[in-house]
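[1] predicted model and sequence below, questions to follow.
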Amino acid sequence: MSHAATPPGRTARPDIAEHLAEAIFSGRYGPGDFVPKELDLCDQFGVSRSTVRSALQTLVTAGLIKRISGQGTRVCELANWHLLDPQVSAWMAKFAQPNPRIQREIFAFRVAVEPFVARLAAEHATAADLLAIETAYEGMIHALERDDLRWKGQTHDEYDVAFHEAVFAASHNLVWAQISHVLKPAIALLVEKSNHSAHELNDSMERHRRVMEAIRLRQPEQAAAAALAVLERTGRDLGLEDLIRALPILEDQTING
């Protein structure tokens, strides 16, 4: 059932929760800061106090803020944010780009997890999984051949995210597959920034191809090393090389080709 359009002459009700989420994820309000008081938000948005309280409760439930009796509403520490909540993950992808700490945390998660997941994929991938991985890879290649970076209605970045999602699914581990779904917007944030800042996309595609080939040939160790090599390229593009340098990257053909 579709929502009715806003009648002429009336403005849509502001999404106060999203407005505050943007301010928090962009770093305008950092952990420990107080957000505006209820009455100030009522005046700013022209809404009732109950509307403001409902919006604030949405953020409390998401772990972004906490109400302190007699003081106000304070932004929680990042460790308390429910980043695996689909709404929070969507906010993160939409608003977190200016926040270097969040970018760093997402990338650190990928560095810790994706080589292990690629190893599982090499052990458990089915023919259908391989087709999904190959389809996403081919989409990336074809999109790169076009000026607008689109092929069959999808962008290069969308195919890139689909590639990583397909690898997670090929692990055939329910938890990893679910995590990839809820973190999809957050992973898309890094993919978009790294791809748009990359000077050697052909190198990135070759690294992705090696992940695909290692999974197809059922080579778990090579798949893990190839996945780490993809992340090494991403870390270089994002200026987060230190998170990769701290790891014992396998010096084999996956990286040195």
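    Noted; the coordinates are in hand. Residues are numbered from 1 along each chain as shown.
[2] residues near residue 86, how many?
    13 (other CB atoms under 10 Å). For the C-beta atoms, the positions are set from N, CA and C on the backbone; glycine is no exception.
[3] residue 141 versus that one, what's the distance?
    30 Å (CB to CB, to the nearest Å).
[4] might you report the residue contacts of the closest residue to residue 72 other than its chain neighbours?
    In this structure, residue 72 finds its nearest non-sequential neighbour in residue 34, 4.7 Å apart by CB to CB, 6 or more residues apart in numbering. Taking CB atoms under 8 Å, 6 or more residues apart in numbering, we find residue 34 in contact with 71-75.
[5] partners of residue 34 in the sheet?
    Per DSSP bridges, the residues bridged to residue 34 are residue 74.
[6] quick check, residue 114 in contact with residue 227.
    Yes: using CB atoms under 8 Å as the test, residue 114 is close enough to residue 227 to be in contact (4.8 Å).
[7] these two - which one has more neighbours?
    residue 227 (30 against 24).
[8] secondary structure element for that one, which one?
    Using DSSP states H and E, residue 227 maps to helix 220-238.
[9] next structured bit after that helix?
    helix 241-245.
[10] quick one: the helix holding residue 227 to chain centroid distance?
    Taking CA atoms, centre = their mean, to the nearest Å, one finds the center of helix 220-238 at 17 Å from the center of the full chain.
[11] stretch 156-169 too?
    12 Å.
[12] quick one: mean pLDDT over that stretch.
    With pLDDT averaged residue by residue, stretch 156-169 scores 94.
[13] what's the first-to-last distance across stretch 172-186?
    Start-to-end span of stretch 172-186 (CA to CA, to the nearest Å) is 21 Å.
[14] and that stretch, what's buried?
    By neighbour count with 16 or more other CB atoms under 10 Å, stretch 172-186 contains the buried residues 173, 176, 179-180, 182-186.
[15] cool, stretch 40-49 as well?
    Of the residues in stretch 40-49, those buried (16+ other CB under 10 Å) are 41-42, 45, 47.
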